[in-house]
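**Student:** Show me the folded form of this:
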Amino acid sequence: MLEAQRLRWRVYRESLDAALPAGGVDADAFDRFCDHLLVHDSDTDAVVGTYRILMPERMREAGGYYSATEFDLGRIVIHGARVAELGRACVHPAYRTGSVISLLLAGLTTYLIERDCEYVIGCASVSLADGAEKAAAICRRLLRDHRSPVEWHAFPRAPFPCESIAGADTDPCLPALVKAYLRLGATVCSEPAWDQQFKTADLLLILPMARMTPRYRSRLLRQAATI
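**Tutor:** As a prediction, this is how the structure comes out:
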């Protein structure tokens, strides 16, 4: 876990200019309740990609989902359903060719299926580093084209005012990781929240495992079997 926390600190500080404490480690109260998925460079054994996964049984020990610190999840946490939460996605800048994301998603798919998860939730972050206008345009596009059914809607505690920020491209390119989630069948179930520590606009995504796009599911399971 420490290697993952060090990678997160470096990437979030350098890529997002996140307001993280000195010391080289990004850690919070949820980490010890999560399982941490790691991708290693086979030559150096360095951790180059990571996710953390909070399962429903550990969520109760943690006092809730991390997402609940940014959103009111009243409609999301379905009574009796097994809802896993993904978070702290991170890929080393030198390894952003798509293969590390693919490996992470392959590992996650196998993990979630083996543990009979029914839904997956998690925050998709849109960086404000290139300006609030670009982030607002990305959020508007996602809300326009990929909105969840109303029964799954969540509500940001500190809204990012994407509708009132004008002046950017009306059809911007989406972040690579967000596009990967959408291909798998995820939808956006919230207006964006403003994460001032990480300097991002965060959208909550949900993926019912039963609705995962079959061809991507099969491809990821085949890939996981070869790891």
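**Student:** Name the residues of stretch 156-172 that are buried.
**Tutor:** For stretch 156-172, burial by neighbour count (16 or more other CB atoms under 10 Å) applies to 156, 160, 162, 165, 168, 172. (Glycine included, C-beta is placed from N, CA and C.)
**Student:** Switch those over to TSV; also include distance to residue 195 and pLDDT.
**Tutor:** Output for the buried residues of stretch 156-172, formatted as TSV (distance: CB to CB, whole Å; pLDDT from 0 to 100):
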residue	distance to residue 195	pLDDT
156	10	95
160	8	93
162	14	84
165	16	82
168	19	59
172	19	83
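**Student:** Now distance to residue 213 too, for the residues you listed, in a markdown table please.
**Tutor:** Below are those laid out as a markdown table (distance: CB to CB, whole Å):
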| residue | distance to residue 213 |
| --- | --- |
| 156 | 27 |
| 160 | 28 |
| 162 | 27 |
| 165 | 32 |
| 168 | 29 |
| 172 | 23 |
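**Student:** Mind jotting down where the strands sit in the chain?
**Tutor:** Counting by DSSP state E, the chain has these strands, from start to end: 35-40, 47-54, 71-72, 83-91, 119-127, 155-156, 187-188, 193-195, 200-208.
**Student:** Give the rounded mean pLDDT of the last one.
**Tutor:** Mean pLDDT, computed over strand 200-208, is 94.
**Student:** Mind exporting the C-alpha coordinates of it to PDB?
**Tutor:** The C-alpha trace of strand 200-208 is given here as PDB (Å, rounded to 0.1, in the frame of the first residue of the first chain):
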ATOM      1  CA  THR A 200     -10.800  18.800  -9.800                       C
ATOM      2  CA  ALA A 201     -14.500  18.700 -10.700                       C
ATOM      3  CA  ASP A 202     -15.700  15.300  -9.700                       C
ATOM      4  CA  LEU A 203     -18.600  13.400 -11.200                       C
ATOM      5  CA  LEU A 204     -20.000  10.300  -9.600                       C
ATOM      6  CA  LEU A 205     -20.300   7.300 -11.900                       C
ATOM      7  CA  ILE A 206     -22.200   4.100 -11.500                       C
ATOM      8  CA  LEU A 207     -21.800   0.800 -13.300                       C
ATOM      9  CA  PRO A 208     -24.300  -2.000 -12.700                       C
END
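**Student:** Could you verify my assumption that residue 137 touches residue 172?
**Tutor:** Yes: counting by CB atoms under 8 Å, residue 137 touches residue 172, with 4.6 Å between them.
**Student:** on that earlier part again, mind putting the strands of the chain in CSV, distance to residue 29 included?
**Tutor:** CSV is the format used below for those (distance: least, CB to CB, whole Å):
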stretch, distance to residue 29
strand 35-40, 15
strand 47-54, 11
strand 71-72, 17
strand 83-91, 12
strand 119-127, 16
strand 155-156, 21
strand 187-188, 27
strand 193-195, 16
strand 200-208, 18
